[in-house]
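**Student:** quick one, structure for this:
(one chain, ligands or ions: 2)
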Amino acid sequence: VVASFQPKLLKSKRLLLTAGPTFEPIDPVRGITNLSSGKMGYAIARAAREAGAEVTLISGPTALAAPYGVRRINVQTAQQMHDMVMSQLVGIPASEQNARNGATVFVAVAAVADWRVVNASAQKLKKNADGSAPTLVFEQNPDILAAVAALPKPPYCVGFAAESEQLLRYGEAKRIKKNVPLLVGNIGHDTFGKDDNQLVLFDANGHTSLPRAGKQQLARQLIAEIAHRLD
Ligand code: CTP
Ligand code: CA
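**Tutor:** Ligands and ions are numbered 1, 2, ... in the order given. This is a model prediction of the structure:
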């Protein structure tokens with residue numbers, strides 16, 4: 001499919017996305033992370049750009065190249081991702097802001113690590129002679145999607161949820177908990193790193209399924225669904 005044949009559904013709209021995993025250091029050479037190739041988020045960024053949007057992609061560490069015409073900002077930790085999202089939405093000059101705080105749409109695709117290591121070490125941890133293991137202390141990371149949805153004039157917020165079971169129940173519950181108009185669910189495990197996926201869209205009217213397809217095709221369908229909901 002040639003990009004220029006796509007209808008420009010998001011012409012003059014600004015779209016901000018998070019994608020990929022976050023990485024939370026334990027020491028300079030170790031850390032904890034979430035499973036995410038970034039493929040779905042990058043596919044959505046590409047589809048949004050093809051649909052005429054101005055796209056900023058805030059990405060955790062992935063092996064992917066930025067899609068053509070997409071501005072990518074690399075981050076590592078959840079806190080950095082949170083701070084970068086917030087500065088993109090509220091930290092930009094008033095002259096560049098529109099009525100929706102600098103972005104029309106915010107799509108949170110990133111697999112954000114829920115916890116960070118409080119007692120991360122500045123030096124590489126060495127094994128103990130007695131065979132004892134280090135004790136890591138965790139604290140919860142900020143919820144980026146919930147923080148954006150709670151802004152005084154939030155962009156149109158789209159969340160993602162990878163569930164391992166009971167997607168229809170957990171999906172709608174998560175949409176309400178996060179207070180977002182649209183939540184995109186998939187049944188996890190068999191989708192990580194794959195090129196295809198199967199999505200369920202939850203909104204105030206219930207849920208609809210997008211049948212299993214390539215991630216790029218699903219991304220285009222999702223962009224069309226978002227564009228219709230903006231009108
Ligand atoms: N999310 C986020 N910031 C976080 C955690 C999650 O922005 N600190 C976003 C994700 O990008 C995704 C949505 O919230 O769009 C749902 O993520 P998920 O991990 O499924 O939800 P949680 O609220 O973290 O719940 P759970 O306990 O099931 O992990
Ligand atoms: Ca989580």
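**Student:** going forward, measure contacts and count neighbours with C-alpha atoms only.
**Tutor:** Fine.
**Student:** name the nearest residue to A110, ignoring sequence neighbours.
**Tutor:** Of all residues beyond its chain neighbours, the one nearest A110 is A19 (3.8 Å), with distances taken as CA to CA, 6 or more residues apart in numbering.
**Student:** kindly provide the distance from that neighbour to I58.
**Tutor:** Relative to I58, A19 is positioned 6 Å away (CA to CA, to the nearest Å).
**Student:** now the spatially most central residue of the chain: how far from A213?
**Tutor:** The centroid of the chain falls nearest to V109 when counting by CA atoms, centre = their mean (2.2 Å). Remark: distance between V109 and A213 (CA to CA) = 18 Å.
**Student:** again with S164
**Tutor:** 19 Å.
**Student:** those helices in the protein, which residues are they?
**Tutor:** Secondary structure of the chain (DSSP state H): helices at 39-50, 78-90, 144-149, 167-178, 215-230.
**Student:** tell me the contacts of V107?
**Tutor:** 15-18, 157-159 (CA atoms under 8 Å, 6 or more residues apart in numbering).
**Student:** what bridges to it?
**Tutor:** Beta-bridge partners recorded for V107 (DSSP bridges): L17, V158.
**Student:** now do the end-to-end distance for stretch 58-76.
**Tutor:** 10 Å.
**Student:** roughly how far is that stretch from the heart of the chain?
**Tutor:** Put simply, stretch 58-76 sits 12 Å off its chain's centre (CA atoms, centre = their mean, to the nearest Å).
**Student:** contact residues of the chain facing ligand 1?
**Tutor:** 108-112, 114, 141-145, 159-162 (CA under 6 Å from any ligand atom).
**Student:** so what does the lowest-mean-pLDDT helix or strand in the chain touch, helix or strand wise?
**Tutor:** The weakest-scoring helix or strand in the chain, judged by mean pLDDT, DSSP states H and E, is strand 196-203 (a mean of 87). On a contact count with 3 or more CA pairs under 8 Å, 6 or more residues apart in numbering; DSSP states H and E, strand 196-203 meets helix 167-178, strand 182-187, strand 206-214, helix 215-230.
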